[in-house]
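Generate coordinates for the sequence data below:
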Amino acid sequence: MTISAPRLRIAMQKSGRLSDDTQALLKRCGLKLNVTDRRLLAHVSNLPIDIMRVRSSDIPGLVMDGVCDLGIVGDNTLEEEELSRALIGSKNDYIKTTPLNFGECRFSIAMPEEFEYTGLACLDGLRFATTYPQLLKRFAKENGINVEFCLLKGSVEVAPRVGLADGICDLVSTGATLEANGLKEVAEVFRSKASLIQRAEPLGDEKQDILNTLLPRIQGVMKAKESKYIMLHAPKDKISEVSALMPGKETPTILPLAGREDLVAVHVVATETFFWETMEKLKALGCNSILVMPIEKMMG
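The predicted structure is shown next:
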């Protein structure tokens, strides 16, 4: 009987705001996967990896219980599950392997527009509709206020209008949904991004080898997304001033230009924002052909 080689199993959101970003990340890491709406398990054809597509709220538990080796999930969902499991004494161990640079949002308290907000103390004793009661309870305790909550899995914004709650505590991205429902954001409870998490138990040598291949790729994609490649021609006698204007900690690469004794080519990877004002200062120093380009992949 042939024994199949172990395959790394990753849980991701089936549909929603993190699903597209997660698929894009995995594809940029070189994973060849065929995801269809009806299939909950997708196989990567060029690496021994399986992708399990589930509800966001199920991802932390699948990793904590060891059903999946890795999960990509929002920090808000992760912390809510960790707090809920701690409350009942259930297993809630995991390893946060890598913070990811997508899925950013905030978990905030919002009140009807006519509500006069004067500080957290004025929320004491009020009732809030929320999908994340444990995060709300922790925030209230840390700030010395008492709140009640009603648990809703969707349409949280409508709760004040129908008299179910005084306000809501929910995820906010742009604030457009709050405005459309006559609500205003008054206090931020928690700021969230997506994270790659790993089960607490050892993976075993074969799965660890797969992760050792995948993780540098993920980190390289994250770093590349935050970086820019800058190229320009600079006067040879202005190199010190030009280098001082370059963002980030990388040392610029200086290259000779064919047929020019007065100019050199300057290349640098910038991990900080490269502003128009910086380009204008470089131009004033005599630089030209200034190019700022995105980076697709990085390693090392």
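
care to break this protein down by domain?
Under the assignment automatic domain parsing, the domains of the chain span 8-102+194-224, 105-192, 227-294.

Save those domains as JSON lines, and put in mean pLDDT and mean neighbour count too.
From N, CA and C alone the C-beta is placed, and that goes for glycine too. Conversion of the domains of the chain to JSON lines gives the following (pLDDT from 0 to 100; neighbours: other C-beta atoms under 10 Å):
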{"stretch": "domain 8-102+194-224", "mean pLDDT": "92", "mean neighbour count": "18"}
{"stretch": "domain 105-192", "mean pLDDT": "93", "mean neighbour count": "17"}
{"stretch": "domain 227-294", "mean pLDDT": "88", "mean neighbour count": "14"}
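
Just give the nearest non-adjacent residue to Pro133, would you?
Closest residue to Pro133 in three dimensions, ignoring its sequence neighbours and counting by C-beta to C-beta, 6 or more residues apart in numbering: Phe149, at 4.9 Å.

Mind listing residues that contact the longest helix seen in the chain?
When the chain is parsed with DSSP state H, its longest helix is helix 205-225. Residues outside helix 205-225 that contact it (C-beta atoms under 8 Å, 6 or more residues apart in numbering) are 5-8, 25, 28-31, 47-49, 69-70, 97-98, 100-101, 196, 198, 202-203, 271, 294-299.

After that helix, which helix or strand is next? Please name it.
Tracing the chain past helix 205-225, the next element assigned as helix or strand by DSSP states H and E is strand 228-235.

Could you name the helices and strands sitting against the helix or strand following that following strand?
Using DSSP H and E, the helix or strand that follows strand 228-235 in sequence is helix 239-245. Applying 3 or more C-beta pairs under 8 Å, 6 or more residues apart in numbering; DSSP states H and E, we find helix 239-245 packed against strand 228-235, strand 260-270, helix 276-284.

among those, which is nearest Cys122?
For Cys122, the closest of those is helix 276-284, at 42.4 Å, according to C-beta to C-beta.

Check the offset of stretch 112-125 from the chain's centre.
Remark: stretch 112-125 is offset 30 Å from the chain centroid, using C-alpha atoms, centre = their mean, to the nearest Å.

which other residues reach it?
Surrounding stretch 112-125, the residues in contact under the criterion C-beta under 8 Å, 6+ apart are 109, 111, 143, 145-148, 160, 167, 182-184, 186-187.

Tell me which residues touch Glu157, please.
Counting by C-beta under 8 Å, 6+ apart, the residues that Glu157 touches are Ala110, Ile168, Asp170, Thr177, Leu178, Ala180, Asn181, Leu183.

so how far is Ser19 from it?
Using C-beta to C-beta, to the nearest Å, one obtains 22 Å as the distance from Glu157 to Ser19.

Kindly report the same for Gln198.
Look at Gln198 and Ser19: by C-beta to C-beta, they are 20 Å apart.

Also Ile72?
Ile72 sits 10 Å away from Ser19, going by C-beta to C-beta.

again, but for Leu183
Counting by C-beta to C-beta, the gap from Leu183 to Ser19 is 26 Å.

what's the answer for Asp69, then?
Relative to Ser19, Asp69 is positioned 19 Å away (criterion: C-beta to C-beta).

Val67 too?
Relative to Ser19, Val67 is positioned 19 Å away (C-beta to C-beta).

got it, and Leu232?
Relative to Ser19, Leu232 is positioned 39 Å away (C-beta to C-beta).

Count the neighbours of Lys225 for me.
Around Lys225 sit 17 other residues, with neighbours defined as other C-beta atoms under 10 Å.

any idea how far it is from Thr271?
Using C-beta to C-beta, one gets 11 Å for the distance from Lys225 to Thr271.

again, but for Lys32
29 Å.

and if you look at Val242?
Separation of Val242 from Thr271 (C-beta to C-beta) stands at 18 Å.

Over to Leu120?
Counting by C-beta to C-beta - Leu120 and Thr271 are separated by 37 Å.
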